[in-house]
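What follows is a predicted structure for the sequence shown.
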Amino acid sequence: MNRRLQISIRGAVQGVGFRPFIFRLASEMNLNGFVYNSTLGVFIEAEGTKEDLDKFVIRIEKEKPSIAFISGMEFSFLDTIGFAEFEIRKSKKEKENTTLILPDIAVCGDCLNEMKDPLNQRYRYPFINCTNCGPRFSIIESLPYDRPNTSMKNFEMCDECFSEYENPLNRRFHAQPIACPNCGPHITLLNNKGNFISTHETALEQTVELIKDRKIIALKGLGGFQLIADAGNNDVVNRLRKRKQRDEKPFALMFPSIDSIKDACFVSDFEERLLCSPEAPIVLLNKKNTSNIADSVSPENPNLGVMLPYTPLHYLLLKDLNFAIIATSGNLSEEPMCIDENDALATLGNIADFFLVHNRPIVRHVDDSIVRIVLNKEMVLRRARGYAPFPINLSETKKSETVLALGGHLKNSIAIKVGQNAFISQHIGDLSTDKSYKAFTQTIIDFQKLYEFKPEKIICDLHPDYLSTKYAESLNKNLTMVQHHYAHVASCRAENQVSGRALGVSWDGAGYGFDGTIWGGEFFISNDNSFEHIGQLRQFSLPGGEKAIKEGRRSALGLLFEIFGNEIFEKEDLCIQSNFSKGELNILKEMLNKKINTPKTSSAGRLFDAVSSLLNVSQQANYEGQSAMKLEFAVDPKENSHYQFDIHEGEKLIVDWEEIINSILQDIMKGIGIAKAAAKFHNTMAKIILSVAELVGEEKVIFSGGCFQNAYLTEKSVNLLSENGYKVYLHQRVPPNDGGLSLGQIAAAYVKHDKRKMNFRKRELQEI
Ligand SMILES: [Zn+2]
Ligand SMILES: [Zn+2]
């Protein structure tokens, strides 16, 4: 099946023979489509098989004219249009005067070569950069992007730098962050009381020795502080876990080279391209058994999140260390990264032993982005450094209104719509901490200032208790509320430019439903101008409400209570007795019977948690999604069978899991083993999607919501649907989790909620 690949490339690619190069490459590979320049960069569309298009992407990077430099490349696989040839189209000027703020760009090869050259004036200089690389979004205070409007404004260029800056033939012509050891920023090593230890090269050498000596360092990086330490040593990793109060959530790693990553992990061509790209995100990879990374880095988890050095300072450290380090956000759990020294010393003083800082101010926090390859395509899980705030092009926007969308509550991001473009902010985080909430309000002010933007319309979630909702209401403006799960569908629909009717499958942990219950296992019919909520998983009670998010055993109890009622408190064979104390069970029994703090939910995420608990894979999660992840990791991929289930067709489709749970209980009695049962459950969830798709009869199916970060579930479901003739759309550039809500809110704002009652059987008959 052919696909259409849409690529946007930014960097020094205009006027260097880039379009003819693309034309030749596409013609040679027999791809049809077009290429053109616009004020936002070079845009390419090409149609061909997935395999050829993958090769096309890799060859663009490898074979581009030597003078061309790519500082960012994002692409999406879309439906074909049917181009008859490949053509070079006329340059296009964007209708709106869209201000383009570039994301931060990983240090380039030319700068690295200079940094390694003892005769170069920037030899071992940690802030070397040029027009093709270096900080952008993290140093811009206001526009236009000129040095006085960046955090480099207080560094006066020396004569050498100035002559490079002024010379149109120089690689640093108008490179705003240009700097050298004589005039630019420098590093300083401090102890955790903030006392001066050393500076410049000595600070670097001492930091390297401290890391070898198993100390924890707070490093002021590009978009905020990171905590770094030897990743090969369990003692130091456990010390960091203890001090950061982070029990099991995996730490990201930075490796000295792509070869060292290949020693520790399995790396495909696509993953290698991503690791070495100017965006340089954290890539989730499968770790090898032979890896010498400490087990405590990602306990009971087959994956590692790895990246390559992306600033000159990281390069110098990793080159001298020559082993992998932990490079995790310098923050307390779920807060934004610290960006200035004083805040970092106050927040991280009890975690880090030493601080390696510098005197170039960071204007805004920008976390490391996270990407994983699913079904041979990129899926961005956290969109920040290297990506934000590059816009997503909206295929059709009927209204010219400027819009501000405030996102959700967890993994918050905001977005604005100007003309045809949606600018999504960097990842902000969980709004329940004061610091994150402050970062949220600050980002809104920041975006309004940067884009000289006055929103005519505000969009927020339907949840009355989300702080983002309360903030939206306080603005007293034209406000639209968008249902959480529909926003997910709209987000995936927008980035894949889906048109016409499609089934939307929106599965996650929790969101506020139209009926005030907690949704999370939802089905929609989405169309260009309207949508309907057509079904969901059967609801069950969550004893303790919010507490159930971290304790899968509570979801399991709620499920069993729904099936068996009070019998479960007597039955010995349901593992309930072993998961709770007698006292807890007495209280929970009363809560369930009297319906006290036991909200109803249709959440797919909680269903995964419950099964994880029933199979005794995980009773309590240390971080969001851990129980479901452990269940995914337990799967035996050779097991292809599934459980039976019912779908009740009434006013809405209700997917009934009762038979699934009963069968799982029987399988536990039979002792078929966790791996087989976990696989059967995942296969069943995929089968549920297929059955709903068959009842609904739409060819296009959209997957969104945090559950689709589960690679096994996603791959199984996509394959099953594809085999049966359905076309599945997955997230690519925008996260499937709540980080993608802000885009979805913009896309959903003008779409009408159609509340007609459905009769599925009738429709199915008509369509036959
Ligand atoms: Zn450079
Ligand atoms: Zn200089």
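Yes, it's here. Ligands and ions are numbered 1, 2, ... in the order given.

how about low-confidence regions in the chain?
The chain contains residues with pLDDT under 70 at 15, 93-99, 396-398, 756-768.

In the record's domain split, what are the boundaries for it?
Domain assignment for the chain by automatic domain parsing gives 2-88, 187-371, 386-496.

Which one of those domains lies nearest to ligand 2?
Ranking those by proximity to ligand 2 (C-beta to the ion) places domain 187-371 first, at 13.5 Å. Every C-beta, even on glycine, is put in place using the N, C-alpha and C of the backbone.

Right, and ligand 1 sits closest to which residue of the stretch 501-650 of the chain?
For the stretch 501-650 of the chain, C-beta to the ion, closest residue to ligand 1: Tyr623, 36.7 Å.

what residues does the stretch 51-200 of the chain put near ligand 1?
With C-beta under 5 Å from the ion as the criterion, the stretch 51-200 of the chain meets ligand 1 at residues 108, 111, 130, 132-133.

how about the residues of this structure near ligand 1?
Checking the chain against ligand 1 by C-beta under 5 Å from the ion, the hits are 108, 111, 130, 132-133.

on that earlier part again, could I get the residues of the stretch 51-200 of the chain next to ligand 1 as TSV with secondary structure and distance to Ala264?
Listed next are those as TSV, based on DSSP: H, G, I helix; E, B strand; the rest coil; distance: C-beta to C-beta, whole Å:
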residue	secondary structure	distance to Ala264
Cys108	coil	25
Cys111	helix	27
Cys130	strand	31
Asn132	coil	29
Cys133	strand	26
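
List the buried residues of the strand or helix carrying Glu51.
When elements are assigned from DSSP states H and E, Glu51 belongs to helix 50-63. Neighbour-count burial for helix 50-63 flags 52-57, 60 (criterion: 16 or more other C-beta atoms under 10 Å).

Where do the strands of the stretch 251-400 of the chain begin and end?
252-254, 265-266, 282-287, 303-307, 325-329, 354-358, 370-374, 377-382, 392-393 (DSSP state E, counting those that start in this stretch).

The last one pairs with which strands, and in what direction?
It stands for strand 392-393. When pairs are called by DSSP bridges, strand 392-393 turns out to pair with strand 421-424 (antiparallel).

next structured bit after the strand it pairs with?
helix 434-450.

Excluding its own residues, what touches that following helix? List them.
For helix 434-450, contacts defined as C-beta atoms under 8 Å, 6 or more residues apart in numbering pick out 99, 101, 140, 142-143, 331-332, 334-336, 364-365, 389, 404, 406, 412, 414, 416, 423, 425-426, 428-431, 453-455, 467-468, 471.

same thing but at 7 Å, please
101, 142-143, 334-336, 364-365, 412, 414, 416, 425, 428-431, 453, 467-468, 471 (C-beta atoms under 7 Å, 6 or more residues apart in numbering).

still on that earlier bit, the residues of the stretch 51-200 of the chain next to ligand 1: which two are farthest apart?
Farthest apart among those by C-beta to C-beta are Cys111 and Asn132. That separation is 8.0 Å.

could you turn stretch 521-528 into PDB, dropping everything but the C-alphas?
Output of stretch 521-528 as PDB, limited to C-alpha atoms (Å, rounded to 0.1, in the frame of the first residue of the first chain):
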ATOM      1  CA  GLY A 521     -12.300   3.600  27.100                       C
ATOM      2  CA  GLU A 522     -14.200   5.600  24.500                       C
ATOM      3  CA  PHE A 523     -15.400   5.200  20.900                       C
ATOM      4  CA  PHE A 524     -16.400   8.100  18.700                       C
ATOM      5  CA  ILE A 525     -17.600   8.600  15.200                       C
ATOM      6  CA  SER A 526     -15.700  11.700  14.000                       C
ATOM      7  CA  ASN A 527     -16.400  13.600  10.900                       C
ATOM      8  CA  ASP A 528     -15.200  16.900   9.400                       C
END
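
Begin at 53, not 1, for the rest of this chat.
Got it, the first residue is 53 from now on, which makes the last one we talked about stretch 573-580.

residues in contact with that stretch?
Taking C-beta under 7 Å, 6+ apart as the rule, stretch 573-580 contacts 537-538, 541, 545, 551-559, 583-589, 654-656, 659, 705, 744, 748, 750, 754.

so what sits against both of Cys163 and Asn184?
Joint contacts of Cys163 and Asn184 (C-beta under 7 Å, 6+ apart) do not exist.

what's the spacing between the residue lying farthest from the centre of the chain and Leu612?
For the chain, the residue at maximal distance from the C-alpha centroid (C-alpha atoms, centre = their mean) is Glu622, at 44.0 Å. Distance, Glu622 to Leu612, using C-beta to C-beta, to the nearest Å: 12 Å.

Over to Met389?
42 Å.

Name the residue in the two with the higher neighbour count.
Met389 (28 against 22; other C-beta atoms under 10 Å).

Setting the sequence-adjacent residues aside, check what's closest to the more buried one.
Of all residues not flanking Met389 in the chain, Gly276 sits nearest, at 2.9 Å (C-beta to C-beta, 6 or more residues apart in numbering).

which one of the domains of the chain lies closest to Ser679?
Per C-beta to C-beta, nearest to Ser679 of the domains of the chain: domain 239-423, 11.3 Å.

any chance of the residues of the stretch 103-252 of the chain next to ligand 1 in a markdown table, plus neighbour count?
A markdown table is the format used below for those (neighbours: other C-beta atoms under 10 Å):
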| residue | neighbour count |
| --- | --- |
| Cys160 | 22 |
| Cys163 | 21 |
| Cys182 | 22 |
| Asn184 | 21 |
| Cys185 | 27 |
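
from these, which is closest to ligand 2?
Once C-beta to the ion is applied, the member of those that ends up nearest ligand 2 is Cys182, at 13.0 Å.

Who are the contact partners of that closest one?
Cys182 neighbours (C-beta under 7 Å, 6+ apart): 160, 162-163, 223-224, 227.

Between those, which sits nearest Lys732?
Cys160 (49.6 Å).

residues contacting that closest one?
Contacts of Cys160 by C-beta under 7 Å, 6+ apart are 121, 182, 184-185.

and if you look at Leu456?
466, 468, 507, 510.

And for Phe733, the neighbour number?
27.

Ser381 versus that one, what's the distance?
Taking C-beta to C-beta, one finds Phe733 at 33 Å from Ser381.

go on, Ala120?
From Ala120 over to Ser381 (counting by C-beta to C-beta), the distance is 34 Å.

When these two are compared, which one has more neighbours?
Using other C-beta under 10 Å as the criterion, Ala120 and Ser381 rank with Ser381 on top: 24 against 19.

State the distance from that one to Arg658.
Ser381 is 27 Å from Arg658, by C-beta to C-beta.

again, but for Leu83
Distance from Leu83 to Arg658, counting by C-beta to C-beta: 45 Å.

Ser123 too?
42 Å.

again, but for Leu717
18 Å.

So those two - more neighbours on which side?
The neighbour count for Leu717 versus Arg658, taken as other C-beta under 10 Å, is higher for Arg658 (29 against 17).

wait, what's in contact with that one?
561, 572, 594, 600, 607.

Identify the residue spatially nearest to the third one, adjacent ones excluded.
When the adjacent residues along the chain are set aside, Leu594 lies closest to Ala600, with 4.2 Å between them (C-beta to C-beta, 6+ apart).

cool, the last one as well?
In this structure, Ser607 finds its nearest non-sequential neighbour in Ala662, 3.8 Å apart by C-beta to C-beta, 6+ apart.

again, but for the first one
Once its chain neighbours are removed from consideration, Gly561 has its nearest residue in Gly657; the separation is 3.6 Å (C-beta to C-beta, 6+ apart).

number of nearby residues for the residue of the stretch 453-602 of the chain found nearest ligand 1?
Nearest to ligand 1, among the residues of the stretch 453-602 of the chain, is Gln478, at 22.4 Å (C-beta to the ion). The local packing of Gln478 (other C-beta under 10 Å) involves 28 other residues.

Now do the contacts for it.
418-419, 436, 440.

Check Ser664 too.
604, 670, 679-680, 682-683.

Tell me which helix or strand it sits in.
Using DSSP H and E, Ser664 sits within helix 656-666.

That'll do, ta.
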